[in-house]
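S.K.: Provide a 3D model corresponding to the input given below.
(one chain, ligands or ions: 1)
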Amino acid sequence: MSRPPLRVGVIGVGTMGTDHAERLALRTAGVTLAGVTDPDGGRAAALGERLEAVVHDDPLSLVTSPDVDAVVLASPGVVHEEQVIACLDHEKPVLCEKPLTMDDAASLRLVEAEAALGRRLVTVGFMRRFDPEYAEVKAALASGEHGRLLLLHNVHRNRSAPNTGFRSEMIVRDSLVHEVDASRFLFGEEVVEVTVLSPAPTAHAGDGVVDPQVAVFRMSGGGLVTNEVFINSQVGYEVRFEAVAECGSLTAGLASSGVQATGVGPRGGTWGGLVPDDYRARFARAYDIEVQAWADAVRAGTAVGPSAWDGYAATVVSTAGMASLASGRPVPVRLPDRPGLYADAH
Ligand code: ISE
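M.R.: Below is the predicted model:
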């Protein structure tokens, strides 16, 4: 007998939550969109009507609903802790968008709460791990055919900052956090030191916003990662990397080979292919694969993808990055021993 569909509720239906709700309702197999909720009740009601999902007045009513089996959390990071705890309390698997939380202590509390339950219910939405090119490079590196990974060069650009209250620290906590996770994933190691530097900022950033930023990670096995994060590039969404190993390098995120050009002039927005507008277009397949893999795992009673430990490690590195952004100096990263539940994390 085939399994019943997984009934998923979405908390927070801003840009990312709406994208996930559509994905769950329209193109994830074995799933129904069971409910939505948002502090903006009108927005939730309109989406609920469009996608035929029950609209809940608040997150707790969605989490505790007997008609919701699992939760996708796309609310702001400041409310993740209480919402993930609610999911754990009611033993509902949760796919929590990044960042897991806004500070180290809160992320550690989630790790400890899940470890105390003794089974993985939390997946953190670091979707790049599900991007076919990231996965291919990870597999190629793991095969050993290129020798040991020495260096990783990450580039992460957005056309413009998402809101008017944008601050320099958000580049670390909201954007660079993806590179933290991607670096931990590709190296299979922890970040042990982070340094954040910046050139004279672009005129297109807001007053006092330090953009772009260059972060350097030192990995526990001795590898180095350089990261450019540029949030007001004026061009579009560009995420690519080159992994330099002992016998060759692997580049992901380019649509074609040859001379590549980006810019706002006559060749504006082209680099052999089109520069996507934002992360929804660039990582559409990654998000689809992520949500499908998460739903399949939940239905099978297992877990997949980045764990609460991965979310915690990324939070700790981000906090160190923010300290380095302020001081311009290298800041060491120290993690406690990882609970047995996460023995295989990376
Ligand atoms: C946003 O929250 C994301 O997660 C995007 O992937 C990232 O590129 C952007 O900078 C963040 O603000």
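S.K.: need the contact list for the residue of the stretch 51-200 of the chain found nearest the ligand.
M.R.: Using CB to the nearest ligand atom, the single residue of the stretch 51-200 of the chain nearest to the ligand is S175, 3.4 Å away. For the C-beta atoms, the positions are set from N, CA and C on the backbone; glycine is no exception. Counting by CB atoms under 8 Å, 6 or more residues apart in numbering, S175 makes contact with 156, 158, 229, 231.
S.K.: from memory the last one sits against S168, does it?
M.R.: No. Between I231 and S168 there is no contact, the gap being 9.5 Å when judged by CB atoms under 8 Å.
S.K.: can you list residues touching both of the two?
M.R.: Between them, I231 and S168 share the contacting residues D211, judged by CB under 8 Å, 6+ apart.
S.K.: Between those two, tell me which one has more neighbours.
M.R.: I231 (25 against 20; other CB atoms under 10 Å).
S.K.: residue boundaries of the strands in the protein?
M.R.: Along the chain, counting by DSSP state E, strands occupy 6-11, 31-37, 54-55, 70-73, 94-96, 122-124, 149-157, 191-197, 213-219, 224-230, 238-245, 248-252, 331-332.
S.K.: And those: which comes nearest L110?
M.R.: If you check each of the strands of the chain against L110 by CB to CB, strand 122-124 wins as the nearest, at 6.7 Å.
S.K.: quick check, distance from the closest one to the centre of its chain.
M.R.: 10 Å (CA atoms, centre = their mean, to the nearest Å).
S.K.: Quick one: end-to-end length of stretch 117-134, please.
M.R.: Start to finish, the residues bounding stretch 117-134 are 31 Å apart (CA to CA, to the nearest Å).
S.K.: Kindly report the same for stretch 201-208.
M.R.: Start-to-end, stretch 201-208 (CA to CA) is 9 Å.
S.K.: Kindly report the same for stretch 187-196.
M.R.: Criterion CA to CA; first-to-last residue distance in stretch 187-196 is 20 Å.
S.K.: Centre of the chain to that stretch, how far?
M.R.: Put simply, stretch 187-196 sits 17 Å off its chain's centre (CA atoms, centre = their mean).
S.K.: Now it: average pLDDT?
M.R.: Averaging pLDDT along stretch 187-196 gives 97.
S.K.: And the contacts of that stretch?
M.R.: 142, 149, 152, 172, 176, 180, 183-184, 213-221, 223, 225, 313, 317, 320-322, 324-325, 328-333, 335, 346.
S.K.: again, 7 Å this time
M.R.: With CB atoms under 7 Å, 6 or more residues apart in numbering as the test, stretch 187-196 has contacts from 149, 172, 180, 183-184, 213, 215-221, 223, 313, 317, 320-321, 324-325, 330-333, 335, 346.
S.K.: go on, stretch 315-331?
M.R.: If you take CB under 7 Å, 6+ apart as the criterion, stretch 315-331 is touched by 99-101, 103-104, 107, 168-169, 172-173, 176-177, 180, 191, 193-197, 210, 213, 215, 333, 335.
S.K.: okay, now the domains of the protein?
M.R.: Listed by automatic domain parsing, the domain ranges of the chain are 6-127+287-307, 129-282+314-332.
S.K.: Return the most buried member of the ones you listed.
M.R.: Burial of the domains of the chain is given as mean neighbour count (mean count of other CB atoms under 10 Å); domain 6-127+287-307 ranks first at a mean of 20.
S.K.: how long is that domain end to end?
M.R.: Using CA to CA, one end of domain 6-127+287-307 lies 20 Å from the other.
S.K.: which parts of this protein sit against the ligand?
M.R.: For the chain, the contact set with the ligand under CB under 6 Å from any ligand atom comprises 158, 162, 174-175, 178, 231, 279.
S.K.: What is the nearest of the residues you listed to Q83?
M.R.: D174 (17.6 Å).
S.K.: so who does the closest one touch?
M.R.: Counted by CB under 7 Å, 6+ apart, D174 has contacts P99.
S.K.: Perfect, that will be all.
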